[in-house]
Every structure is written in C-alpha cells, then in structure tokens.
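**Q** I would like the atomic coordinates for the input below:
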Amino acid sequence: MRLSALAGDNPKRVKSQSYIAPWWLPGGDLQTIYAYALPANGRIEYRRERWETPDGDFIDLDYVDAGADQCSLLVLFHGLEGSSQSHYALSLMALARQKGWRGVVPHFRGCSGEPNRLARSYHSGDSAEIDWILGRLRAQNPHSDLYVVGVSLGGNMLLKWLGEAGHSAGQVIERAVAVSAPFDLNAAARVLDFGHRRAIYTRSFLRSLRGKVLAKIEAHRLKIEPAAVLACSTFRQIDDLYTAPIHGFADADDYWTRASSKPFLKHIQVPTLLLNARNDPFLPQIALPKPNEVSASIVLDYPHSGGHVGFVEGYFPGSREWLPRRALGFFLEQK
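**A** Okay, here's the model as predicted:
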C-alpha cells in the first residue's frame with residue numbers, strides 16, 4: 001500500500017521516515033526477534049509496590065525513583081506476557097532515569113512473577129483497569145506530569161481508555177504514546193494464527209498462557225478440560241476457551257471486536273502518538289488507522305520498517321535507544 005493511499009485526505013498527518021532500519025537488519029521478523037534478543041545496556045533497580053484491587057486481587061508496580069516527588073512520572077503499560085524486565089521497559093526506564101524522571105511499570109494481573117488471586121487475568125480491552133491505575137497514580141502524584149506509554153497489548157488498552165475517557169483523560173495525564181498497538185484484534189489474530197508467524201510468535205505466547213490457564217483451572221476448579229488447554233495452538237482457541245468467557249465475552253470474535261481500540265481513536269482528546277512499523281508481523285499494514293479514522297489529537301508515525309516493538313538502530317550489534325528517544329521526544333514537545 002502506498003503512503004498516499006494510507007494517508008487518505010491528509011497525507012501530512014502520516015510520517016513514514018522517522019525511523020530507518022540498519023542495512024544489516026532486514027525484514028519485520030528479524031527486526032522483531034533481534035530487538036528481543038539484544039542484551040540490555042546496564043541494569044535498572046526497581047522498587048516494588050503492591051496494590052490491592054477493588055475486587056480483592058492485587059497488582060505489582062515496579063518504580064524507578066530517579067528524581068524528586070514532583071518531577072515527571074513515566075508510566076509504562078507492557079505487552080502480552082511482558083513485565084518491567086521486557087527489553088522496551090528497560091530501555092524506556094533507563095532514558096527516563098537519565099532525564100531525571102521517575103518511572104513506573106504497573107504489571108497486569110499475573111505478570112509480575114506471582115499468580116494473581118482471582119480466576120480472571122488480564123485482556124486486551126481492559127480499559128477499566130487502566131482507568132483505575134492511572135487514577136490512583138494521579139491521586140498519589142498531584143504535582144507531577146504523567147506521561148504514558150502503552151506497548152502492544154498495553155497500547156491497545158491505553159488507546160481504548162483514552163477514547164472512552166475523552167476530554168476527562170486530560171485531567172489525568174499529559175500525553176500518551178502507543179507503540180505497535182494491535183488496533184484491530186481480528187486482523188492481528190488472522191496473521192498470528194497462521195503460517196510462520198503462528199510457529200514463531202503465537203507458539204511462544206501460548207507456551208506461557210497455557211501454563212497460567214492450567215494453574216487457574218486447578219486453583220479455582222474452572223470447568224475447563226486441561227486437555228483442551230494443552231491442545232490450544234492458536235489465539236482463537238485459547239481466547240474461545242478461557243480469555244473471552246472468563247472476562248465476560250461470548251467468544252473470541254466478540255472479545256476481539258469489543259476490545260479493539262480502533263473504533264475509539266476518533267474520540268481521543270489527549271495528544272497521542274501512534275507508532276507502528278508498516279512491516280510489523282503482528283498487524284497487517286492495511287489495518288493501520290488512517291487519518292480520517294482518528295481524532296485531531298493523534299499523530300501517526302508509520303515507519304516503513306521496525307518490526308514489532310523493534311526499532312534497533314546503529315552499527316552492529318546496534319542499540320534499542322531510538323524508541324525511548326522517540327517517545328520522550330514526543331512528550332517533551334510541549335515543554
């Protein structure tokens with residue numbers, strides 16, 4: 001698809017050259033996998049805090065206490081089965097610390113290394129959880145600017161919340177960045193459940209998800225056959241079996257339709273950057289939101305390459321510094 005076709009009526013709303021992959025790292029799959037495997041530069045010392053949820057569960061938040069209480073706070077919502085140790089979290093928090101900002105990574109339920117208490121877990125459309133977390137962070141940090149990054153699944157959740165909240169989101173946060181968000185979950189599932197992507201990515205995610213669902217069955221006596229869980233080899237199967245019904249959806253199709261953030265993008269009023277590579281193996285290029293599908297508060301940045309949360313730059317072996325610079329650069333535009 002040409003840039004002019006994607007841009008629709010206003011091609012200036014879409015940027016396409018903000019990131020250029022190094023010559024030695026071609027293709028969306030390699031750019032995705034290499035970024036995941038690239039060793040982190042340095043360590044991040046987190047301070048962990050546990051919050052009790054209104055429904056009797058808990059979440060763990062990992063903080064980077066780099067500055068004074070009133071300095072800016074960077075909030076990161078991680079992706080599917082991610083954590084504060086995900087490569088993008090370490091890179092973003094390292095730059096935040098360097099800038100004298102504080103940072104926090106709220107873990108979605110069951111992602112902090114300890115199973116959550118309830119039968120439910122987390123899902124792509126849980127904007128109510130985002131609302132509760134950000135509301136509490138705002139109340140605890142009344143004199144700080146809050147800037148939020150959502151990555152992949154976390155990006156979809158964040159965008160859905162932003163659209164639902166509309167103008168009121170501006171009373172909670174200053175700006176937002178969504179990285180490699182699967183705006184259209186139906187489209188994402190269609191590419192991830194077939195071919196080599198199913199073998200490379202879905203297989204890896206399901207290895208972790210199946211184990212968690214089996215533990216839920218045992219702990220809560222769920223009426224799900226363990227053999228059926230072990231047989232799951234696609235997102236459709238695991239979402240039909242567990243994710244959708246346990247979180248109040250009829251089935252995978254109902255879940256993917258209602259949880260997708262794309263229909264909510266027109267209602268976002270907080271300045272927001274959508275950063276998605278056109279060769280992201282998790283989402284077909286045709287599913288990227290067009291300018292006429294988003295509000296005037298949204299900036300679209302669709303580099304031709306970068307993979308899924310990749311964006312490695314420089315000479316071999318490269319670094320993951322471009323993504324944190326792009327995110328914080330967008331936040332600092334208002335300064």
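
**Q** CA only for contacts and neighbour counts going forward, please
**A** Fine.

**Q** how about low-confidence regions in the stretch 51-200 of the chain?
**A** Counting by pLDDT under 70, the low-confidence segments of the stretch 51-200 of the chain come to 67-69.

**Q** swap in the stretch 201-335 of the chain?
**A** Residue ranges of the stretch 201-335 of the chain with pLDDT under 70: 334-335.

**Q** please, which helix or strand holds the nearest residue to Val104 once chain neighbours are set aside?
**A** Counting by C-alpha to C-alpha, 6 or more residues apart in numbering, Val104 lies nearest to Tyr63, which is 4.3 Å off, once chain neighbours are set aside. Using DSSP states H and E, Tyr63 falls within strand 58-64.

**Q** so which other helices or strands are in contact with that strand?
**A** Helices and strands touching strand 58-64, by 3 or more C-alpha pairs under 8 Å, 6 or more residues apart in numbering; DSSP states H and E, are strand 47-52, strand 102-106.

**Q** can I get those strands in a markdown table with mean neighbour count and distance to Ser180?
**A** As requested, the helices and strands packed on strand 58-64 are exported to a markdown table (neighbours: other C-alpha atoms under 10 Å; distance: least, C-alpha to C-alpha, whole Å):
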| stretch | mean neighbour count | distance to Ser180 |
| --- | --- | --- |
| strand 47-52 | 12 | 27 |
| strand 102-106 | 25 | 18 |
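
**Q** TSV for those strands, including distance to Arg326?
**A** Compiled in TSV, these are given as follows (distance: least, C-alpha to C-alpha, whole Å):
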stretch	distance to Arg326
strand 47-52	26
strand 102-106	17
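
**Q** next helix or strand past the strand holding Tyr63?
**A** Following strand 58-64 toward the C-terminus (DSSP H and E): strand 73-77.

**Q** Three-state assignment for Gln323, please.
**A** Quick fix: residue 323 is Leu, not Gln. Under DSSP: H, G, I helix; E, B strand; the rest coil, Leu323 falls in the helix class.

**Q** please disregard the earlier target; I meant Val148.
**A** Following three-state DSSP, the label given to Val148 is strand.

**Q** hmm, it is touching Ile173, no?
**A** Yes - between Val148 and Ile173 there is a contact under C-alpha atoms under 8 Å: 7.3 Å.

**Q** okay, these two: which has more neighbours?
**A** The neighbour count for Val148 versus Ile173, taken as other C-alpha atoms under 10 Å, is higher for Val148 (25 against 22).

**Q** and Val312, how many neighbours?
**A** Val312 - counted by other C-alpha under 10 Å - has 27 other residues nearby.

**Q** which residues are in contact with it?
**A** By C-alpha atoms under 8 Å, 6 or more residues apart in numbering, the contact list for Val312 reads 21-22, 31, 35, 306, 318-322.

**Q** what about 10 Å?
**A** Taking C-alpha atoms under 10 Å, 6 or more residues apart in numbering, we find Val312 in contact with 19-22, 25, 31-32, 34-36, 38, 306, 318-323.

**Q** please report how far the residue nearest the centre of the chain lies from Tyr88.
**A** Centroid-nearest residue in the chain, with C-alpha atoms, centre = their mean: Val151, separated by 2.3 Å. Using C-alpha to C-alpha, to the nearest Å, one gets 8 Å for the distance from Val151 to Tyr88.

**Q** give me the common contacts of the two.
**A** 76, 78-79, 82, 309.

**Q** dump those residues into a markdown table; add distance to Asp55 as well.
**A** Formatted as a markdown table, these follow (distance: C-alpha to C-alpha, whole Å):
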| residue | distance to Asp55 |
| --- | --- |
| Leu76 | 23 |
| His78 | 22 |
| Gly79 | 23 |
| Gly82 | 23 |
| Val309 | 32 |
